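Peer 1: Here is my input, please return the structure:
(one chain, ligands or ions: 2)
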Amino acid sequence: MTPGRFVTLEGGEGVGKSTQIRALAAALEARGLEIVATREPGGSTGAEAIRTLLMEGSDDRWNARSEALLFAAARADHVARTIRPALARGAWVLCDRFVDSSRAYQGGGGGITDADLLALHGFGSEGLLPDRTFLLTVSLDEAARRLAERGGSDRMGSKPRDYQARLAARFAEMAGAESGRWRIVDADKSAEEVTAAIFAELVEWLP
Ligand SMILES: Nc1ncnc2c1ncn2[C@@H]1O[C@H](COP(=O)(O)OP(=O)(O)OP(=O)(O)O)[C@@H](O)[C@H]1O
Ligand SMILES: Cc1cn([C@H]2C[C@H](O)[C@@H](COP(=O)(O)O)O2)c(=O)[nH]c1=O
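Peer 2: Numbers count the residues shown, from 1 in each chain. Ligands and ions are numbered 1, 2, ... in the order given. Below is the predicted model:
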């Protein structure tokens, strides 16, 4: 059995993560792999229930600490019930956001320290990290254009533009500091070009 691989896509709102997860899942399934395409917060029954708590309601429904705990609790359930079992049977897991979103949003955006967030992740998910993480980058204008085109916004997606800029800076900082795991992809390009750029960074693991 070939080993399962854990691949995550990260970035701000509207950069094209879910579009790319769908395209990559199709491309990898065509190579005969079992693909589990999932997302955070969510990806298991318990985590989807927590997602509803996080995404609905007023902006001040949770403070930064309670929000960090809810994301970590959702992730613990997702890891235990969906991600680890899939990896154990040799599937590839493609996940739209993971712990690095907590490090960017609750850390860079919300002021929780990286050490505290990693400690929560150590306890909740036994510190599981992806094999590869793609940071999709687009200009703030292009992200705003795409979100307007898609329409709708939830509690987490209605943050101001300076918050989005802090997030982008924190994501770039993590990708620079942990360059073995991260790859930065210019997602201003067409969806097909972005898929090809990501796929090229996974080819080494294909059977
Ligand atoms: N490379 C691209 N070029 C132009 N438009 C794109 C591209 N990728 C995605 N889009 C469009 O941008 C919008 C947002 O894409 P998508 O939902 O995949 O982003 P996302 O990163 O998953 O967003 P969120 O984090 O808010 O869920 C969609 O309307 C999608 O069709
Ligand atoms: C995993 C995770 C997510 N968030 C934020 C990021 C987004 O604003 C939403 C998720 O919405 P999406 O449309 O499904 O991308 O939640 C966060 O703040 N912290 C996290 O750990």
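Peer 1: Let me see the ranges of the helices in the protein.
Peer 2: If you assign secondary structure with DSSP state H, the helices in the chain sit at 17-29, 45-55, 64-78, 84-88, 99-102, 114-125, 140-150, 161-177, 191-200.
Peer 1: Where among the ones you listed is average confidence lowest?
Peer 2: Per-segment mean pLDDT for the helices of the chain reaches its minimum on helix 140-150, at a mean of 85.
Peer 1: Now tell me what touches that helix from outside.
Peer 2: For helix 140-150, the external contacting residues (CB atoms under 8 Å, 6 or more residues apart in numbering) are 12-16, 138, 153, 157, 161, 164-165, 168, 188. Where you see a C-beta, it was placed from the backbone N, CA and C, and this is true even at glycine.
Peer 1: What separation is there between the residue most central in space within the chain and ligand 2?
Peer 2: Centroid-nearest residue in the chain: Arg97, 1.0 Å away (criterion: CA atoms, centre = their mean). Taking CB to the nearest ligand atom, to the nearest Å as the measure, Arg97 falls 4 Å from ligand 2.
Peer 1: quick thing: my sequence starts at 809, can you match it?
Peer 2: Shifting the count to begin at 809 puts that one at Arg905.
Peer 1: mind listing what that residue touches?
Peer 2: Residues Thr816, Leu817, Glu818, Lys825, Arg847, Glu848, Pro849 are the ones in contact with Arg905 under the rule CB under 8 Å, 6+ apart.
Peer 1: ok, back up a step: of the contacts of helix 948-958, just say which sits nearest to Ala1004.
Peer 2: Gly824 (13.3 Å; CB to CB).
Peer 1: Am I right that that closest one is in contact with Glu1000?
Peer 2: No - checked against CB atoms under 8 Å, the pair Gly824 and Glu1000 is beyond contact range at 11.3 Å.
Peer 1: Between these two, point out the one with more neighbours.
Peer 2: Here Gly824 and Glu1000 are compared on neighbour count by other CB atoms under 10 Å; more neighbours surround Gly824, at 23 against 9.
Peer 1: Any idea how far apart the tips of stretch 1003-1015 sit?
Peer 2: Across its full length, stretch 1003-1015 reaches 19 Å end to end, with CA to CA, to the nearest Å as the criterion.
Peer 1: Quickly check: it near ligand 1 or not.
Peer 2: No - with CB under 6 Å from any ligand atom as the threshold, stretch 1003-1015 lies outside contact range of ligand 1, at a closest distance of 8.8 Å.
Peer 1: Rebuild the helices of the chain as CSV, extending it with distance to ligand 2.
Peer 2: As requested, the helices of the chain are exported to CSV (distance: least, CB to the nearest ligand atom, whole Å):
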stretch, distance to ligand 2
helix 825-837, 7
helix 853-863, 7
helix 872-886, 4
helix 892-896, 17
helix 907-910, 3
helix 922-933, 9
helix 948-958, 10
helix 969-985, 9
helix 999-1008, 16
